[in-house]
Every structure is written in C-alpha cells, then in structure tokens.
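**Student:** next comes the sequence, and after it the predicted model I'd like to discuss.
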Amino acid sequence: MLNPRRNRRRLDIASARQWLVEGAPIADVLTMLEVRHRFELSSADCQVYAVEILRAAQQAIRAPKPTLSRQRKEAHHALA
C-alpha cells in the first residue's frame, strides 16, 4: 500500500524539479510549494517543507544520470 505523504512528496519534488529546469526563480518555486499545502500545514511547517522539497529537487537535478554499462550497451546493440 502506498503512503499518501510519500506520494505527495514525490509529486512535489517532481513539480519543483520541472519548474527549476524550466528556469523558474527559486522564490517562485518555494511559494508554489508553500501555497499548495497552506491548508494542511502551519505556515512555519509549510516553509520548512518547501525548503526540504526544493533541496531534494535541486539534488535530483545535479545527480548524474544513470548510464548503461558497457556490457549492457553491447548486448542492446547486438539485438538490433
């Protein structure tokens, strides 16, 4: 069974990542995240949550993309 909080967090990270990739200012991303949960959390908790999500999104952007190993590339091309 999926955890609703975990799903919300994944969705928020994906949204923040997309906004950042598209060039949105960091302040706008933080505002979007805070407004999204303004009725679920206190204003202080919204701010903390938004900063955590922003940092996670920034890390996701900086993380190296996984690449196929040399063996997997060879096997992939051999089937073509």
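**Tutor:** It's in. Being a predicted model, the structure only gives us computed values, none of them experimental. Numbering: from 1, shown residues only.
**Student:** for the chain, which helix extends over the most residues?
**Tutor:** When the chain is parsed with DSSP state H, its longest helix is helix 43-62.
**Student:** looking at it now, give me its mean pLDDT.
**Tutor:** In this model, helix 43-62 has an average pLDDT of 94.
**Student:** now find how far off-centre it is within its chain.
**Tutor:** How far helix 43-62 lies from its chain's middle: 9 Å, per Cα atoms, centre = their mean, to the nearest Å.
**Student:** what's it packed up against?
**Tutor:** helix 4-21, helix 26-36 (3 or more Cβ pairs under 8 Å, 6 or more residues apart in numbering; DSSP states H and E). Bear in mind the C-beta positions are built from the backbone N, C-alpha and C, glycine included.
**Student:** can you list the ones you listed in CSV and add distance to Ala56 and mean neighbour count?
**Tutor:** Shown next, in CSV, are those (distance: least, Cβ to Cβ, whole Å; neighbours: other Cβ atoms under 10 Å):
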stretch, distance to Ala56, mean neighbour count
helix 4-21, 5, 15
helix 26-36, 11, 16
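**Student:** which stretches of this protein have low pLDDT?
**Tutor:** Across the chain, residues meeting the criterion (pLDDT under 70) sit at 1-2, 67-80.
**Student:** for Tyr49, see how far away the spatially most central residue of it is.
**Tutor:** Nearest residue to the geometric centre of the chain (Cα atoms, centre = their mean): Ile13, 2.5 Å. Note on Ile13: its distance to Tyr49, by Cβ to Cβ, to the nearest Å, is 11 Å.
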